[in-house]
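Enquirer: what's the 3D shape of this:
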Amino acid sequence: MRLDRRTGRVDGTVRRGRHEGQLLSRLGLPALLELLETARRDDPPSVDLLEAYLDRREPDWRRSAAGARAPPPPAGAAMDEATALGILGLPAGASADEVKAAHRRLMAKLHPDHGGSTYLASQINQAKDFLLGRARVGGS
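Expert: As a prediction, this is how the structure comes out:
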């Protein structure tokens, strides 16, 4: 998956299976739902990413899907510094002000009220909280 931080556009490349090498943006809803079911069976870590992509691209996709949504990731799920920095698009050693600015910029594009998804918003919030907590505790 790739996020264009300038535009807020999200896309990804299928890494395995029948649609290997294709961009998600090139697949129709039936193919995306098939890919989601395959991920539920064979690649659980990809399920949240695919659901977030579908939430953004096809807000009513769940009506077309026969299966129930997988449970959201647990609150407070483990996050490390590299992941948090990657989510916010920041370099190592970013200041608290840079963290807050990146958070505001991404939430303006990816908040559920602006066409984003709750999963993406929760990841952005979790990254900000982790990095700001690190700054208070670690003194950086």
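Enquirer: show me what contacts Asp42?
Expert: Counting by CB atoms under 8 Å, 6 or more residues apart in numbering, Asp42 touches no other residue. For every residue, glycine as well, the C-beta is placed using N, CA and C.
Enquirer: Go ahead and confirm Leu3 touches Leu49.
Expert: No: between Leu3 and Leu49 there is no contact under CB atoms under 8 Å: 10.7 Å.
Enquirer: In terms of residue numbering, what are the domains of the protein?
Expert: If you go by automatic domain parsing, the domain ranges for the chain are 2-64, 81-138.
Enquirer: Now do the same for Arg16: helix, strand or coil?
Expert: Local secondary structure at Arg16 is given as coil here, using DSSP: H, G, I helix; E, B strand; the rest coil.
Enquirer: Backbone dihedrals for it, please?
Expert: Phi and psi for Arg16, reported as degrees, to the nearest 10, are phi -150, psi 160.
Enquirer: center of this structure, which residue is that?
Expert: Closest residue to the average C-alpha location of the chain: Leu120 at 4.2 Å, with CA atoms, centre = their mean.
Enquirer: Alpha carbons of the helix or strand where it lies, as PDB, please.
Expert: In this assignment (DSSP states H and E), Leu120 forms part of helix 118-138. Extracted in PDB, the C-alpha atoms of helix 118-138 (Å, rounded to 0.1, in the frame of the first residue of the first chain):
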ATOM      1  CA  THR A 118     -11.900   4.700  10.900                       C
ATOM      2  CA  TYR A 119      -9.000   2.200  10.600                       C
ATOM      3  CA  LEU A 120      -6.700   4.800   8.900                       C
ATOM      4  CA  ALA A 121      -7.700   7.500  11.400                       C
ATOM      5  CA  SER A 122      -7.000   5.200  14.300                       C
ATOM      6  CA  GLN A 123      -3.600   4.300  13.000                       C
ATOM      7  CA  ILE A 124      -2.700   8.000  12.500                       C
ATOM      8  CA  ASN A 125      -3.900   8.800  16.000                       C
ATOM      9  CA  GLN A 126      -2.000   5.900  17.500                       C
ATOM     10  CA  ALA A 127       1.200   7.000  15.700                       C
ATOM     11  CA  LYS A 128       0.800  10.500  17.100                       C
ATOM     12  CA  ASP A 129       0.100   9.300  20.600                       C
ATOM     13  CA  PHE A 130       3.100   6.900  20.500                       C
ATOM     14  CA  LEU A 131       5.500   9.600  19.300                       C
ATOM     15  CA  LEU A 132       4.300  12.300  21.600                       C
ATOM     16  CA  GLY A 133       4.400   9.800  24.500                       C
ATOM     17  CA  ARG A 134       8.000   9.000  23.500                       C
ATOM     18  CA  ALA A 135       8.900  12.700  23.500                       C
ATOM     19  CA  ARG A 136       7.500  13.100  27.000                       C
ATOM     20  CA  VAL A 137       9.100  10.000  28.400                       C
ATOM     21  CA  GLY A 138      12.300   9.900  26.400                       C
END
